[in-house]
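Student: 3D model of this:
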Amino acid sequence: MSHESDLREKVRAGYAAAALQVVEGGGACCGTHGAEIEENFGSRLYGESERESLPAEAVAASLGCGNPLAVAELREGERVLDLGSGGGIDVLLSARRVGAGGKVYGLDMTEEMLALALENARRAGAENVEFLKGAIEAIPLPAGTIDVVISNCVINLSVDKPSVFAEMYRVLAPGGRIGISDVVADDELSSSERAERGDYVGCIAGALSFAEYRRGLEAAGFTNIEITSTHSVADAMYSAIVRAVKPARAG
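Tutor: Sure, this is the predicted structure:
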């Protein structure tokens, strides 16, 4: 097994275990299998009213490092894609914001998480959602069919981030946008120094620097790029809000 395949399998297994833990009645958190929700990850990053409006299992399965809905500025009728949708918390919250005229897709590679998300959608009575199995490096949707891409602490887990950026750009309609949360490192922090601060599955070792993130989005074609740190998750590493736009005249 190649190094990249090994990392991808570790990520899949880690999040499958997290989903099963929620089903069995525990909590989960990014990169951990304990029931404790860490301060820098998980459902604490959502407002109380948001947490109380959803099935408990969706809240317990929240593994992210931020709240992308706080900056995505979703509007009625929009088509939204959540990369690495996990237990479905961001999909369900997005579905309420876009209303019956909108549609929200959740994409995840982990069967256990997809099963949990489907059950959470059923309990929430969400009819304008659809969950897809697949990789964020090869999104199973046609080009130009999405208005907004959101994601919560998932892109850092990819072993092929240029493909993720290219795929986000491809599925967005011209003028579409991204509003995501992710872990980002200070520019002077080396890859080995990031690995010293946490493992890959724990959302730390695979993080890009601020400059690397910007270059990756620019290479894919995005403009109006904003990367703003919100809180520290490790020494010289932060949860950040990432915004960018696909130009309206893009082909």
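Student: Please count neighbours and contacts with C-alpha atoms only from this point.
Tutor: Fine.
Student: Longest strand in this structure, by number of residues?
Tutor: strand 172-185 (DSSP state E).
Student: Off-centre distance for that strand?
Tutor: Relative to its chain's centre, strand 172-185 lies at 10 Å (Cα atoms, centre = their mean, to the nearest Å).
Student: buried set for the helix or strand following it?
Tutor: Using DSSP states H and E, the next helix or strand after strand 172-185 towards the C-terminus is helix 191-197. Of all the residues in helix 191-197, those buried under the rule 16 or more other Cα atoms under 10 Å are Arg194, Arg197.
Student: same check, this time on stretch 132-151
Tutor: 132-137, 139, 141, 144-151.
Student: circling back to that earlier point, helices and strands around the longest strand of the chain, which ones?
Tutor: With contacts taken as 3 or more Cα pairs under 8 Å, 6 or more residues apart in numbering; DSSP states H and E, strand 172-185 sits against helix 69-72, strand 146-152, strand 208-209, helix 210-220, strand 237-245.
Student: what about stretch 148-167, start to end distance?
Tutor: 13 Å (Cα to Cα, to the nearest Å).
Student: Does Ala126 belong to a helix, a strand or coil?
Tutor: coil (DSSP: H, G, I helix; E, B strand; the rest coil).
Student: Can you get me a residue count around it?
Tutor: 19 (other Cα atoms under 10 Å).
Student: Test my guess that it contacts Leu93.
Tutor: No. Using Cα atoms under 8 Å, Ala126 makes no contact with Leu93, being 9.7 Å away.
Student: the bottom helix or strand of this protein by mean pLDDT?
Tutor: helix 56-60 (a mean of 48; mean pLDDT, DSSP states H and E).
Student: any idea how far Ser151 is from the closest residue to Leu116 other than its chain neighbours?
Tutor: Spatial nearest neighbour of Leu116, excluding adjacent residues (Cα to Cα, 6 or more residues apart in numbering): Gly87 at 5.6 Å. Gly87 sits 13 Å away from Ser151 when distances are taken as Cα to Cα.
Student: same deal with Phe210?
Tutor: For Phe210 relative to Ser151 (Cα to Cα), the value is 17 Å.
Student: One more: Ser209?
Tutor: 17 Å.
Student: right, and the residue nearest to Leu116 touches Thr110 too?
Tutor: No. Gly87 lies out of contact with Thr110 (Cα under 8 Å); the separation is 10.2 Å.
Student: Below-threshold pLDDT in this structure: ranges please.
Tutor: Along the chain, segments meeting pLDDT under 70 span 1-69, 199-203, 251.
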